[in-house]
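[1] requesting a structural model of the entry that follows:
(chains A, B, C and D)
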4 protein chains.
Amino acid sequence: MIIVLHGAATESQVAQVEGLLLEAGLRADISRGVEKIVIGAIGATDETRAVLPEQLQALGFVERVVTVSTPYKRVSRRAHEEGSTVQVGDVAIGERVPRVAMMAGPCSVESREQVLATATAVQAAGAAILRGGAFKPRTLPYDFQGLGQEGLELLAEARAATGLPVVTEVLSTDQIELVGRYADIYQVGARNAQNFPLLSALGETRKPVLFKRGMATTIDEYLKAAEYILARGNEAVILCERGIRGFDSEHYRNIFDINAIPTLRRLTHLPICADVAHGTGRTDLVPLIARAAIVAGADCLMVEVHPDPRHARSDGGQSLTPDAFAAMMSDLHRVAAAVDRTV
Amino acid sequence: MIIVLHGAATESQVAQVEGLLLEAGLRADISRGVEKIVIGAIGATDETRAVLPEQLQALGFVERVVTVSTPYKRVSRRAHEEGSTVQVGDVAIGERVPRVAMMAGPCSVESREQVLATATAVQAAGAAILRGGAFKPRTLPYDFQGLGQEGLELLAEARAATGLPVVTEVLSTDQIELVGRYADIYQVGARNAQNFPLLSALGETRKPVLFKRGMATTIDEYLKAAEYILARGNEAVILCERGIRGFDSEHYRNIFDINAIPTLRRLTHLPICADVAHGTGRTDLVPLIARAAIVAGADCLMVEVHPDPRHARSDGGQSLTPDAFAAMMSDLHRVAAAVDRTV
Amino acid sequence: MIIVLHGAATESQVAQVEGLLLEAGLRADISRGVEKIVIGAIGATDETRAVLPEQLQALGFVERVVTVSTPYKRVSRRAHEEGSTVQVGDVAIGERVPRVAMMAGPCSVESREQVLATATAVQAAGAAILRGGAFKPRTLPYDFQGLGQEGLELLAEARAATGLPVVTEVLSTDQIELVGRYADIYQVGARNAQNFPLLSALGETRKPVLFKRGMATTIDEYLKAAEYILARGNEAVILCERGIRGFDSEHYRNIFDINAIPTLRRLTHLPICADVAHGTGRTDLVPLIARAAIVAGADCLMVEVHPDPRHARSDGGQSLTPDAFAAMMSDLHRVAAAVDRTV
Amino acid sequence: MIIVLHGAATESQVAQVEGLLLEAGLRADISRGVEKIVIGAIGATDETRAVLPEQLQALGFVERVVTVSTPYKRVSRRAHEEGSTVQVGDVAIGERVPRVAMMAGPCSVESREQVLATATAVQAAGAAILRGGAFKPRTLPYDFQGLGQEGLELLAEARAATGLPVVTEVLSTDQIELVGRYADIYQVGARNAQNFPLLSALGETRKPVLFKRGMATTIDEYLKAAEYILARGNEAVILCERGIRGFDSEHYRNIFDINAIPTLRRLTHLPICADVAHGTGRTDLVPLIARAAIVAGADCLMVEVHPDPRHARSDGGQSLTPDAFAAMMSDLHRVAAAVDRTV
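    As a prediction, this is how the structure comes out:
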């Protein structure tokens, strides 16, 4: 931790800072410049790092407190220099796995016919995992909220028919048990990116979690939130960039933050997914941004596929038809090969 | 709903749009210009409005779908032309109540001494409601997470000692019952602004809810989320602007979106609170932004007060001392009077 | 300047940092923690501060470079502990002047009748300065671009008729001489907030400059840009918050960043203006945000007034009628009095 | 244009809207729903579109005005269904040209040795165009502002030595003539993205313009600004995504908006460049985001190369060494081939 005071700070002010640091068991290294006095605080623990910055700010005359250590220990690449691999049945996901796993399926599970048709089609085209929402977080209470348990059962049926593992969203702690009975991977959506009770509870399970970044979550906040899951013992976490909120949503719903992919790669050992359906919100952008995500390093992709997007009960505008999905997969084969991966 | 096609759209494309609308029970009014064809869809219901826009987008050739009706019916001012009043014990909050209710207290409840001393001091200075966190949503799992039930008990003790009603945060559906036993107002924090299961469950209670806007929640998303609470029958909702995320957090943590106050006033009948502690993140800005919030029309304010900010376990940098709080209250008396309100 | 290396950095890496610092004439104070090594660089000059951070980043293994000194020396409050006053004819503007100067007038100068009628009306209601655009920066080349020199002449005529000093926008260096012949204050708009040749050239004049913040300019970038004007010798600069770009422009065009007002007050001695017309983009918000700006500390305000907004050639939607302006002024008298100012 | 009124709007209000439209020579098609009245305005011209929306807003009871036509006529793909090609000496740039042109060179021209060494190295590795700044827009007046005319002469010397055409920045109208004597392509930087006098003046030349998007410029604003250049007769414009401002700049300077590439492709016929140096601000991200830009459809790329980044006078942290550049080029050969392009 570094504390910056004005160069004209008094001895008593410097002493107050030192006092707070000593009280907390830290050592203070002081550099005096003409314009600024810089105090390096050595020996901080997780606990002192959690409270000292705000307490130092409360001194009023402290100009700035800069935290320099990595607070997300289990998530950090330092904890695991080799990238970790998340195993879901036969499917492995991670930087050391050549195949970029494709997660595909409808936004919402709507009917047996819809989910089975979609599952069969995406499997035929090379998808590794079936996605589908049974509990849907919808902006408005009057929107279709998903089929709930019936949707989960239909997903299980589609898995039985195709062998594809299933990823589906869990919205709250009291759904964990139920969703866990059907899902192979829990999905945590962008709106729950800082729902700490949910993340902690998922940390108590031993099932993989696909954890999406929030719409306005910084990279550091995101990794700290992921730490909630690992801190409880569940290390099977896949991070997922899904587009952030920008100042312009006229032509696409979100800004797909492509820089986040290599940055997360550098900071953490966890596998990285790219949700290019939400990251764009437009069918015509999906195949191009899917390419981009792969060459930038994504370890898995998520897209939405619907047999009849114009009758979809949600997200029709960003869902591919099965034919478009198959065409995209064939294009991605070439692109992935150029960076020594497969799809 | 308005659907925009290119002026050179074919008759068959126009017919496809009409077909989807008719299927859904709507009527289509078509205006043909040289550059664009504009189709007004008349007769939409909540249900059709929820699915049609995405389905129309899925047609591919539709350039744009504009939704024109107000989807948050219970929250809308149309539902209740006179502003509504939320009653909490003896304290009334709303645009028709002259007194701007001040909610003050520590960020976290830390000890009996701390919470009682703060409660007594803020009451003496004119606060109407005591705030204090027992369950804290912290960025990192290693940060202090609050005293939990013990914190709630200390708040109840402070209420017994001072008579001040208590507002405290609830983080998940499974805390509703416990928190409800102690709190007079449930607080929903910015990170849960789109936690729909939590909002729905609070809609089943009949206790007031202080519902904070999320860091990147648009006004429309915010009102739609509030609709989840009212849709279940709980109309005692207080909205709360608490600062949004901007592109610059060097000098203040959030951007306090002052425009939101008169805008919410126009769109909804619900009372409006301003959390100027989180809206600024700096003690020195709090009294000035508190003034601004009052003259822009806020019906209540929330601030953080701690007897010893430099030893606070959270948010020390934005907490006022009791003396600073009293000085602010006396300043706000003059300012409120200039707009025919009191504090 | 502070340089942060990983705790496991090698001696040779530390030596490379020291080498670069010594080469540049700085001293290095090294604090070694377990997780990080922190190097305080003492003795930086403006010149070294300008190049060293990027050069250090280029070392690859440097995790972070934190600049701690204030780079905008002339603009900084340290340069002038008492707030400075800008004098425009009889009108004084600054924190030590009780009167909050109101700048009012049409967005664009459209005709003799329009500008004279507006000037007379705003003067009667208490405005201190007449605003009006002769050269307009318009989003599209086909929009009305202003009357140019004819507009300047009409502004001068309105000044002669009312005695009000005139503020009008200058768009490029080659307009400075012409605009300077008519204007009492040069206005630099948001789109030119980092037009450094224009700012430098205005620094060579000795006429006051109303310098607006850009739509996505950070506070530090803004103050550094203002430094361009002062560095050339022109100290008569008025800063102006005019709304920043946010993620939601459905209900108001910009986010009026009210926190910027007290923050600029703390960081700089320059007078601070609030353009509440652009800051909101809506007539109904203007009077409320005008109140807020005054109590938060603005030294002057800018609003748009048009005798017939529904026929205005630009910004009709945020222009007040003369009657609405007069009503606002009378309301602001009361509000300003509550914070010991006048309008 | 579409005007939305509340369903309970009076006949007189509807008539006022019709009146304004008729006055302006438009026809009004009215659709009456229960909740809203929607008025389609048919026959708008560029001129009416420029003023009517604000005038209609000024009516107060108008809830919303939606503009549906494309206001950037020359820039629009409708004007030129086949993508246009910009020719710079032997180098062609555009969607119909298989080769993705690489623009590479130092951020600032610093010396003869530096620029010649860099030019020779980037040419050897396959660059098509030499970039280098002679006039630099720097955040602070004390930063290195470029060598000016001497820098231009050095660029011309490097062109003579290598045959590479030169792209360099022009900051203001009064530099156009001078820069034009040396440059093959004018560069307009992000800070001048809405400097309309500069864009208009460049429209009067017949030299290609590389026109960068601003930090907070929407896609529509960007295309409207480009229209300023084409409206004056210069059609040789290359658009350039260079990263936008986001809410998190801890790990990368800007958000590279990859969605913008296919979106610009759809909306305009102009060639599209990706400045992956500024789009990331970090050397280690450059090669990965360069890959992503190519597969998403970029027609040219811009990167920064310096023989000794740790002694660069600007942007050292995002400059590649010549070796790193050559390695990147060889990687991009494979990636480009996978999407049927070359570098």
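[2] mind listing the helices for the stretch 201-343 of chain A?
    Counting by DSSP state H, counting those that start in this stretch, the stretch 201-343 of chain A has helices at residues A:219-231, A:260-267, A:286-296, A:322-338.
[3] is the helix or strand of chain A with the lowest mean pLDDT up against chain C anywhere?
    None of the helices or strands of chain A scores lower by mean pLDDT, DSSP states H and E than helix A:46-57, at a mean of 83. No: Helix A:46-57 lies apart from chain C when judged by CB under 8 Å from any CB of the partner chain; the minimum separation is 10.3 Å. Just so you know, the C-beta spots here come from the backbone N, C-alpha and C atoms, and that holds for glycine as well.
[4] wait, residue A:133 touches residue A:107, no?
    Yes: between residue A:133 and residue A:107 there is a contact under CB atoms under 8 Å: 5.9 Å.
[5] what is in contact with the two at once?
    Jointly contacting residue A:133 and residue A:107 under the rule CB atoms under 8 Å, 6 or more residues apart in numbering or on different chains are residue A:314.
[6] so those two - more neighbours on which side?
    Using other CB atoms under 10 Å in any protein chain shown, the more surrounded residue of residue A:133 and residue A:107 is residue A:133, with 28 against 24.
[7] residue ranges for the strands of the stretch 151-300 of chain A, please.
    Secondary structure of the stretch 151-300 of chain A (DSSP state E, counting those that start in this stretch): strands located at A:166-169, A:185-188, A:209-212, A:237-241, A:272-275, A:300-304.
[8] for the fifth one, buried residues please.
    Buried residues in strand A:272-275, defined by neighbour count with 16 or more other CB atoms under 10 Å in any protein chain shown: A:272, A:273, A:274, A:275.
[9] quick one: which of the residues you listed is nearest to chain C?
    Nearest to chain C, judged by CB to the nearest CB, of the buried residues of strand A:272-275 is residue A:275 at 19.1 Å.
[10] quick check: closest non-adjacent residue to that closest one.
    Leaving aside its chain neighbours, residue A:275 sits nearest to residue A:242 (3.8 Å; criterion: CB to CB, 6 or more residues apart in numbering or on different chains).
[11] wait, what's in contact with the one you found?
    Taking CB under 8 Å, 6+ apart, we find residue A:242 in contact with A:190, A:212, A:213, A:254, A:274, A:275, A:278, A:279, A:302.
[12] you'd agree the fourth one is up against residue A:244?
    This points to residue A:254. Yes: with contacts counted by CB under 8 Å, residue A:254 reaches residue A:244, the gap being 6.2 Å.
[13] okay, and the common contacts of the two?
    In contact with both residue A:254 and residue A:244: residue A:215, using CB under 8 Å, 6+ apart.
[14] residue ranges in the stretch 101-250 of chain A under the pLDDT threshold?
    Within the stretch 101-250 of chain A, no stretch has pLDDT under 70.
[15] what does the stretch 151-300 of chain A put close to chain D?
    Residues of the stretch 151-300 of chain A found near chain D (CB under 8 Å from any CB) are A:216, A:218-220, A:244, A:246-248, A:250-252, A:254-259, A:261-263, A:266-267, A:279-280, A:284-285, A:288-289, A:291-293, A:295-297.
[16] just the buried members of those residues?
    Among these, those buried by neighbour count (16+ other CB under 10 Å) are A:216, A:218-220, A:244, A:246-248, A:251-252, A:254-259, A:261-263, A:267, A:279-280, A:284-285, A:288-289, A:291-293, A:295-297.
[17] so which of these also contact chain B?
    By CB under 8 Å from any CB, the members of those lying near chain B are A:216, A:284.
[18] export the strands of the stretch 151-300 of chain A as a markdown table, with columns for distance to residue C:144.
    What follows is the strands of the stretch 151-300 of chain A, written out as a markdown table (distance: least, CB to CB, whole Å):
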| stretch | distance to residue C:144 |
| --- | --- |
| strand A:166-169 | 51 |
| strand A:185-188 | 51 |
| strand A:209-212 | 46 |
| strand A:237-241 | 43 |
| strand A:272-275 | 44 |
| strand A:300-304 | 45 |
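[19] walk me through the domains of chain A.
    The record's domain parsing of chain A by automatic domain parsing lists A:2-66, A:77-338.
[20] any idea which of the ones you listed is most buried?
    Comparing the domains of chain A by mean neighbour count (mean count of other CB atoms under 10 Å in any protein chain shown), domain A:77-338 ranks first with a mean of 22.
[21] next one: it to chain centre, how far?
    Relative to its parent chain, domain A:77-338 has a centroid offset of 9 Å by CA atoms, centre = their mean, to the nearest Å.
[22] now the end-to-end length of it.
    26 Å (CA to CA, to the nearest Å).
[23] and of the buried residues of strand A:272-275, the nearest to chain D?
    Proximity of these to chain D was ranked by CB to the nearest CB; the top entry is residue A:274 with 10.6 Å.
[24] tell me the contacts of the closest one?
    Contacts of residue A:274 (CB under 8 Å, 6+ apart): A:240, A:241, A:242, A:256, A:261, A:289, A:290, A:293, A:298, A:300, A:301, A:302.
[25] ok, now which ones touch the residue in the stretch 101-250 of chain A that chain B sits nearest to?
    Closest residue of the stretch 101-250 of chain A to chain B, CB to the nearest CB: residue A:216 (3.3 Å). When contacts are counted by CB under 8 Å, 6+ apart, residue A:216 touches A:244, A:245, B:214, B:215, B:216, B:245, C:247, D:247.
[26] got those as CSV, with distance to residue A:330 columns?
    Listed next are the contacts of residue A:216 as CSV, based on distance: CB to CB, whole Å:
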residue, distance to residue A:330
A:244, 30
A:245, 33
B:214, 40
B:215, 40
B:216, 37
B:245, 40
C:247, 37
D:247, 37
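[27] ok, now which ones touch residue A:67?
    A:1, A:49, A:53.
[28] what's the farthest-apart pair in the buried residues of strand A:272-275?
    Across the buried residues of strand A:272-275, the longest distance by CB to CB is 11.0 Å; it joins A:272 and A:275.
[29] what touches both of the two?
    Shared contacts of residue A:272 and residue A:275 (CB under 8 Å, 6+ apart): A:240, A:241.
[30] in a markdown table, list the buried residues of strand A:272-275 along with pLDDT and distance to residue D:20.
    Shown next, in a markdown table, are the buried residues of strand A:272-275 (pLDDT from 0 to 100; distance: CB to CB, whole Å):
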| residue | pLDDT | distance to residue D:20 |
| --- | --- | --- |
| A:272 | 98 | 53 |
| A:273 | 98 | 51 |
| A:274 | 98 | 48 |
| A:275 | 98 | 45 |
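[31] relative to residue D:179, which of the residues you listed is nearest.
    Closest to residue D:179, out of all of the buried residues of strand A:272-275 and judged by CB to CB, is residue A:274, at 40.7 Å.
[32] which residue packs closest to that closest one, ignoring adjacent ones?
    The shortest distance from residue A:274 to any non-neighbouring residue, by CB to CB, 6+ apart, is to residue A:293 (3.6 Å).
[33] which ones are touching that neighbour?
    If you count contacts by CB under 8 Å, 6+ apart, residue A:293 has them with A:241, A:256, A:258, A:261, A:274, A:276, A:301, D:292.
[34] ok, 10 Å please
    For residue A:293, the contact set (CB atoms under 10 Å, 6 or more residues apart in numbering or on different chains) comprises A:100, A:241, A:256, A:258, A:261, A:272-276, A:279, A:299-302, A:332, D:258, D:292, D:295-296.
[35] near chain C, which residues of the stretch 151-300 of chain A?
    With CB under 10 Å from any CB of the partner chain as the criterion, the stretch 151-300 of chain A comes near chain C at residues A:215, A:216, A:244, A:245, A:246, A:247, A:248, A:249, A:250.
[36] would CSV of these with distance to residue D:5 be doable?
    Converted to CSV, those look like this (distance: CB to CB, whole Å):
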residue, distance to residue D:5
A:215, 32
A:216, 34
A:244, 35
A:245, 30
A:246, 31
A:247, 28
A:248, 27
A:249, 25
A:250, 23
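[37] list the contacts for residue A:73?
    Contact analysis of residue A:73 by CB under 10 Å, 6+ apart lists A:46, A:79, A:227, A:230, A:231, B:140, B:142, C:35.
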